[in-house]
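Engineer: Give me a model of this one.
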Amino acid sequence: MTLRTAFTDALSIRHPIASAPMGGEAGGALAAAVSEGGGLGLVGGGHGDLGWLEPELRLAAAGTERPWGVGFLTWGVREAAIARALEFRPAAVLLSFGDPTPFTDRIHASDALLILQVSDVDSARRALDLGADIIVAQGSDAGGHMGENGTGTLSFVPTIVDLAGPVPVLAAGGIADGRALAAVLTLGAAGAMIGTRFQATAESLVDPKVRQALVNAHGEDTETNRTLDIARGSAWPHRYPARTLRNAFLDTWRGRDEELRADLGTQREFTEAMARVDLDAAPVWAGQAVDRVTRVDSAAEVVAALAAEAKRALSGIRID
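Structural biologist: Purely as a prediction, here's the structure:
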């Protein structure tokens, strides 16, 4: 049984699985390993800091001859960074969080497919108008930053699938095992983009303490907040909260965001805590399916396990 979809056909890959372009965590080694495993690996280009990005793009390009891609934060990236990334000939460029309009023509003019992530119906309509080759429908189950829509993945994905028509849709948020992959395929998605599960792999750039925290965590240990962005002086726009593991800092400052914003001393202390990876303060981005993360494997092993479990789940459905 082969899980062949419009997504796998569009990119000539074996499995309908993409790794999320997690900024600072999804480097070239992770992207290449996912692609070598038969999925689509995405480098987390973030704001497009070329000092960080260029070495990671070289790693991805050198690490696999299979299709790979790169993702950027639309609200923070500049066209020059996207132009430089395209020189590495990625198979796909993903834009998320913000208006992608200024960048779409350049991507369309390249050989890369344009993937646009959306978290509400209006942004999905805009993505279609801009000629997205693939849409990522992100539900509120997701780890890390998300839109304010608040709709869970299983409710959100069918809406975007119906709206998108022939354009392939990837589901994102709360997908960390093959059963969840099978579920979104039955909802009409052409695949899944997965973040939290790929954080806890040997090739991710997270600190070992973060990997272990993910393995130990449960879905109820996560919460959506803006507090940790405020504490670290992040420029993330207010409309994008983030899901992280709960920690002692959140317990202290929950409901006091404006007070924290004015407390520069606490912000300095927080920055120091982040530098030493103190998990009583530092954010650990994690989705609600973190329960499914029970061990640290290689990224290729994760891709294979996800695909095999999805096949078993789908083959076990009896239709009389």
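
Engineer: For the rest of this, base every contact and every neighbour count on C-alpha atoms.
Structural biologist: Noted.

Engineer: Neighbouring strands - and their directions - for the helix or strand residue 94 falls within?
Structural biologist: In this assignment (DSSP states H and E), residue 94 forms part of strand 92-96. When pairs are called by DSSP bridges, strand 92-96 turns out to pair with strand 68-73 (parallel), strand 113-118 (parallel).

Engineer: now the first one: how far from the chain's centre is it?
Structural biologist: The gap between the average C-alpha position of strand 68-73 and the chain average comes to 10 Å, counting by C-alpha atoms, centre = their mean, to the nearest Å.

Engineer: How far does the strand holding residue 94 sit from its chain's centre?
Structural biologist: Worked out by C-alpha atoms, centre = their mean, strand 92-96 lies 11 Å from the chain centre.

Engineer: could you say what helices and strands the helix or strand just after that strand packs with?
Structural biologist: The helix or strand immediately downstream of strand 92-96 is helix 101-108, counting by DSSP H and E. The elements that helix 101-108 packs onto, with contact taken as 3 or more C-alpha pairs under 8 Å, 6 or more residues apart in numbering; DSSP states H and E, are helix 79-86, strand 113-118.

Engineer: Pull the number of nearby residues for residue 157.
Structural biologist: Residues lying near residue 157 (other C-alpha atoms under 10 Å) number 26.

Engineer: Can you give the contact residues for the host helix or strand of it?
Structural biologist: When secondary structure is defined by DSSP H and E, residue 157 falls within helix 153-164. Applying C-alpha atoms under 8 Å, 6 or more residues apart in numbering, the contact partners of helix 153-164 are 121, 124-125, 128, 137-141, 168-169, 171-174, 184, 187-189.

Engineer: Can you tell me which of the residues you listed are buried?
Structural biologist: Buried members of the contacts of helix 153-164, counted by 16 or more other C-alpha atoms under 10 Å: 124, 128, 137-141, 168-169, 171-174, 184, 187-189.

Engineer: Among those residues, name the ones in strands.
Structural biologist: Under the assignment DSSP state E, these contribute 137-138, 169, 171-172 to strands.

Engineer: ok, which stretches of this structure are strands?
Structural biologist: 17-19, 41-46, 68-73, 92-96, 113-118, 134-138, 144-145, 169-172, 191-194, 222-225, 242-245.

Engineer: and those strands, which is most packed in?
Structural biologist: Counting by mean count of other C-alpha atoms under 10 Å, strand 169-172 has the highest mean neighbour count of those, with a mean of 32.

Engineer: Parallel or antiparallel, list what pairs with that one.
Structural biologist: strand 134-138 (parallel), strand 191-194 (parallel).

Engineer: of all the ones you listed, which lies closest to residue 39?
Structural biologist: strand 191-194 (9.8 Å; C-alpha to C-alpha).

Engineer: Below-threshold pLDDT in the stretch 101-250 of the chain: ranges please.
Structural biologist: The model of the stretch 101-250 of the chain has no residue with pLDDT under 70.

Engineer: The closest residue to residue 184 other than its chain neighbours and residue 270, how far apart?
Structural biologist: The shortest distance from residue 184 to any non-neighbouring residue, by C-alpha to C-alpha, 6 or more residues apart in numbering, is to residue 171 (6.5 Å). Taking C-alpha to C-alpha, to the nearest Å as the measure, residue 171 falls 34 Å from residue 270.

Engineer: Kindly report the same for residue 245.
Structural biologist: Residue 245 is 16 Å from residue 270, where distance means C-alpha to C-alpha.

Engineer: Quick one: closest of the helices and strands packed on helix 101-108 to residue 223.
Structural biologist: Residue 223 lies closest to strand 113-118 among the helices and strands packed on helix 101-108, at 20.7 Å (C-alpha to C-alpha).

Engineer: what angle separates that closest one from helix 153-164?
Structural biologist: 130 degrees (axes from the mean of the first three to the mean of the last three C-alpha atoms, to 10 degrees).

Engineer: ok so, going back, could you dump the strands paired with strand 92-96 to a markdown table with distance to residue 38?
Structural biologist: Listed next are those as a markdown table, based on distance: least, C-alpha to C-alpha, whole Å:
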| stretch | distance to residue 38 |
| --- | --- |
| strand 68-73 | 10 |
| strand 113-118 | 18 |
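
Engineer: of all those, which lies closest to residue 213?
Structural biologist: Comparison of the strands paired with strand 92-96 against residue 213 by C-alpha to C-alpha identifies strand 68-73 as nearest, at 25.3 Å.

Engineer: average model confidence for that closest one?
Structural biologist: Here strand 68-73 scores 98 as its mean pLDDT.

Engineer: quick one, that strand and helix 79-86 angle?
Structural biologist: Using the same axes, to 10 degrees: strand 68-73 against helix 79-86 is 170 degrees.

Engineer: Alpha carbons only: can I get strand 68-73 in CSV?
Structural biologist: The C-alpha trace of strand 68-73 is given here as CSV (Å, rounded to 0.1, in the frame of the first residue of the first chain):
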residue,chain,number,x,y,z
TRP,A,68,13.9,19.8,0.0
GLY,A,69,12.7,23.2,0.8
VAL,A,70,13.0,26.3,3.1
GLY,A,71,10.4,28.3,5.1
PHE,A,72,10.3,31.9,6.1
LEU,A,73,8.4,34.1,8.5
